[in-house]
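Student: Predicted structure and sequence below. I'll ask about it afterward.
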Amino acid sequence: MKARLLKIAKWAAYPLFYLFCLGLFGYLTFPYDRLKDRLIAEFDRAQPKRGSGPAQRLEIDELDAYWFTGVEMKGVRLILPPSELGSSSRTAAAAFTSGDAAKDGGPKPSVVEIDEAHARMKILPLLIGRMRISFWASVFGGEVEGVVPMGKSGGDMHVEVSDVELAKVGPLGDILGLPIAGTLNATLDLDAPEGKFNKANGALEVSAKEVAVGDGKTKIQGLIALPEAKLGELVLSAEAKDGVLKITKMSANGSDLELDGDGKVNMREPWNNSMADLYVRFKFTDAYRSKNDLTKSLLGAPGSSAPGLIEMQQPKMKRSKRADGFYGWHVHGALKRPRFDPHAADSPATRGRTRTTDSPGSSPAATPRKPVGGNLPPAPSEPAARDIDDQGSPPQPPPSTEDESPSGEPRSRPTPPAEGEPPVE
C-alpha cells in the first residue's frame, strides 16, 4: 500500500512541478510594459467623444507584478481637461476668482498624481465564488486603501482615507476657485447587493482638520486678495439606505468661517453618475469681516446695512444671501458634473416649488378666521411673478370656454349696431 502511494505521488509530482515552473516563469517574464500600454489604450478608448475638445489622459511611468495576483504602479497621472469640470460647476468659482486664468491663456488642466499604488485579487474569496480586490495608493500626500467587490458577486466595501492634504487635491481647488488647506480622514462602509451601488446600505464618516480657505494671494474679482479664512474642523456624516446616501451632519464652526449643510445623494452605476441634491450654507464671522479695511469693503462691515463689494460685483452672491447672513448654494446634478446655483431656501427639497412670497425670514400664512357675520375675507391673490431663475415660467391662466359652442366650435359674436340704429334682438 505504501509503495503504491509513493508511485502515485511520484507521477503526480511531475505535472505539479511543471505547473509550478510555468507559473513562476510566466510571473517573472510577463510583458508588463505591454500591459501598461494596453491599459492606457483601453482608457483612451473608453473616453466619450467630445468632438474636437480635449479628453482625459492617463499616464503611467512603471507597471510591475505585485505578488501573484496583482499589479503595482508608480508615477500614475490622470490629466483632467478644464472642460471636465463643466461650465456649470465653475459658477461657484466664478463668485470668487478674478479671471486671471484668462489673462494667463485660459484655465489649465487639473492633474491627479498617484505616487505609488498596487491592487490584487484576493484568493480565499474565490473559493466561495466571490471576486474581491484589495488596493492601496499613496496619493495627495496621504494614503487610500480598502477592499471592494467586483462583478455581480456583491459583498461589503470598505475604504479608508488617511492624512490626505487638501492643498494637493487639484480638482477640489479648481471647483472652489480658491486655495484650500487641511488634512482629510474618511471611512466608507457599504454593503452592495449584487454589486450595485443603487441598492447599497452603509455609512460614511469624514473629518477634515485645520481647514482654511484662501491664501491672501488669490484675488477676488481681480481686485482684492482675501486673507486666509479658517474653517476649523469640518465634520460630515451620512447614512446609506437602499441606494440613497442621506447627509445627517455637515458642519464646521471656525473662527473666520462657519458652514452647515444637508441633503442626499442618489447612488447610481457607475458611481460618478450618482445624483447629488445638497444644500450648503456658509457665513463669514463678524471677527473676520472686521479684520481689516479690505474685508470690511469686500464683505461688508458688521452692523452695516450696506452690501459688500462682492455682492455688488457678483449677482449670484447677492441672490444667495440669506436673512441670517449665510450664503446658500444648491449643489445638484451628477457627481462628475455638479452644478452650483444660489439658493436661499432652507432645504433643497423646495427647489422649483418655492414662491417668492416664501422668502427666508417670512412666516407662513395664517389660516383666516371666520368673522362673526359668517363671511370669510377674500383670499389673497397670487403673486404676479415668480423667481424665474429658480421656479421657471409663471403659471398661465386656463383657456376660456366662454366663446365656444357646445360642439367645441367658436361662436360668432354679434356685430355691434351702428350709431343711430336700433340694437338687433
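Tutor: That came through, no problem.
Student: List the contacts of the residue sitting nearest the centre point of the chain.
Tutor: Centroid check for the chain by Cα atoms, centre = their mean gives L335 as the closest residue, at 4.2 Å. The contact partners of L335, by Cβ atoms under 8 Å, 6 or more residues apart in numbering, come to 265, 271-276. The way it works is simple: take the backbone N, C-alpha and C, and place the C-beta from them, glycine included.
Student: likewise L236?
Tutor: With Cβ under 8 Å, 6+ apart, L236 has these contacts: 204-207, 247, 249-250.
Student: if I look at it, how far off is P171?
Tutor: Distance, L236 to P171, using Cβ to Cβ, to the nearest Å: 18 Å.
Student: try R34
Tutor: In terms of Cβ to Cβ, R34 sits 31 Å off from P171.
Student: For the contacts of L335, pick the one with the most neighbours.
Tutor: Counting neighbours by other Cβ atoms under 10 Å, V265 leads the contacts of L335 with 21 neighbours.
Student: May I ask you to confirm that it is in contact with S274?
Tutor: Yes: proximity of V265 to S274 meets the contact threshold set by Cβ atoms under 8 Å, at 5.4 Å.
Student: okay, and the common contacts of the two?
Tutor: With Cβ under 8 Å, 6+ apart as the test, V265 and S274 both reach 245, 335.
Student: show me the residues around D163 that make contact.
Tutor: Contacts of D163 by Cβ under 8 Å, 6+ apart are 141-143, 183-185.
Student: again with K217
Tutor: With Cβ under 8 Å, 6+ apart, K217 has these contacts: A225.
Student: Can you classify it by secondary structure?
Tutor: Of the three states, K217 takes coil according to DSSP: H, G, I helix; E, B strand; the rest coil.
Student: From I224, how far out is it?
Tutor: From K217 to I224 the distance is 11 Å (Cβ to Cβ).
Student: Same question for E258.
Tutor: Counting by Cβ to Cβ - E258 and I224 are separated by 22 Å.
Student: So for the two, which residue has more residues nearby?
Tutor: E258 (19 against 16).
Student: Is the residue nearest to that one when sequence neighbours are not counted in a helix, a strand, or coil?
Tutor: Excluding the flanking residues, the one nearest E258 by Cβ to Cβ, 6 or more residues apart in numbering is K283, at 4.8 Å. Three-state call for K283 (three-state DSSP): strand.
Student: returning to what we had before: more neighbours: which of R34 and P171?
Tutor: P171 (14 against 10).
Student: Need the pLDDT of the closest residue to R57 other than its chain neighbours.
Tutor: Nearest residue to R57 in three dimensions, chain neighbours excluded: I79, at 4.3 Å (Cβ to Cβ, 6+ apart). What the model reports as pLDDT for I79 is 90.
Student: Likewise for the one 3 residues further on?
Tutor: Here the pLDDT value assigned to P82 is 73.
Student: I220 too?
Tutor: At I220, pLDDT is 63.
Student: show me where the stretch 201-350 of the chain has helices.
Tutor: Counting by DSSP state H, counting those that start in this stretch, the stretch 201-350 of the chain has helices at residues 286-289, 293-299, 309-313, 315-320.
Student: Quick one: residues in contact with the first one.
Tutor: Applying Cβ under 8 Å, 6+ apart, the set of residues contacting helix 286-289 from outside is 227, 229, 255-257, 295-296, 299-302.
Student: can we see that at 10 Å?
Tutor: 226-230, 254-258, 283, 295-296, 298-304, 308, 325 (Cβ atoms under 10 Å, 6 or more residues apart in numbering).
Student: Going through those, which ones are buried?
Tutor: 226, 229-230, 254, 256-258, 283, 295-296, 298-300, 308 (16 or more other Cβ atoms under 10 Å).
Student: Could you check which helix or strand contains K74?
Tutor: Here K74 is covered by strand 70-80, with elements defined by DSSP states H and E.
Student: now for that strand, which elements pack on it?
Tutor: Strand 70-80 sits against helix 32-46, strand 57-66, strand 110-121, strand 131-139, helix 170-176, with contacts defined as 3 or more Cβ pairs under 10 Å, 6 or more residues apart in numbering; DSSP states H and E.
Student: what about R319, neighbour count?
Tutor: Counted with other Cβ under 10 Å, residues neighbouring R319 total 17.
Student: now F25
Tutor: 10.
Student: same question, K199
Tutor: Neighbour tally, K199, other Cβ under 10 Å: 16.
Student: need the contact list for it.
Tutor: 154, 191-193, 240-243, 267 are the contacts of K199 under Cβ under 10 Å, 6+ apart.
Student: Just the buried residues out of the residues you listed, in PyMOL syntax.
Tutor: Remark: buried members of the contacts of K199, expressed as a PyMOL selection using 16+ other Cβ under 10 Å:
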select buried, resi 154+192+240+243+267
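Student: Go through the contacts of K199 and flag which are in strands.
Tutor: Judged by DSSP state E, the subset of the contacts of K199 located in strands is 191-192, 240-241.
Student: Closest to S162 out of those?
Tutor: For the ones in strands among the contacts of K199, the residue nearest S162 by Cβ to Cβ is A240; the value is 21.5 Å.
Student: Find the nearest non-adjacent residue to the closest one, please.
Tutor: G202 (4.7 Å).
Student: I'd assumed G155 was in contact with the one you found.
Tutor: No: at 11.9 Å, G202 does not count as touching G155 under the criterion of Cβ atoms under 10 Å.
Student: So for the two, which sits in the more crowded spot?
Tutor: More crowded of G202 and G155, by other Cβ under 10 Å: G155, with 20 against 17.
Student: The more buried one and R130, how far apart?
Tutor: Taking Cβ to Cβ, one finds G155 at 6 Å from R130.
Student: now do K108
Tutor: 43 Å.
Student: Comparing the two, which residue is more hemmed in?
Tutor: R130 (16 against 12).
Student: Next, the contact list for the more buried one, please.
Tutor: 122, 124, 149-151, 153-155, 195.
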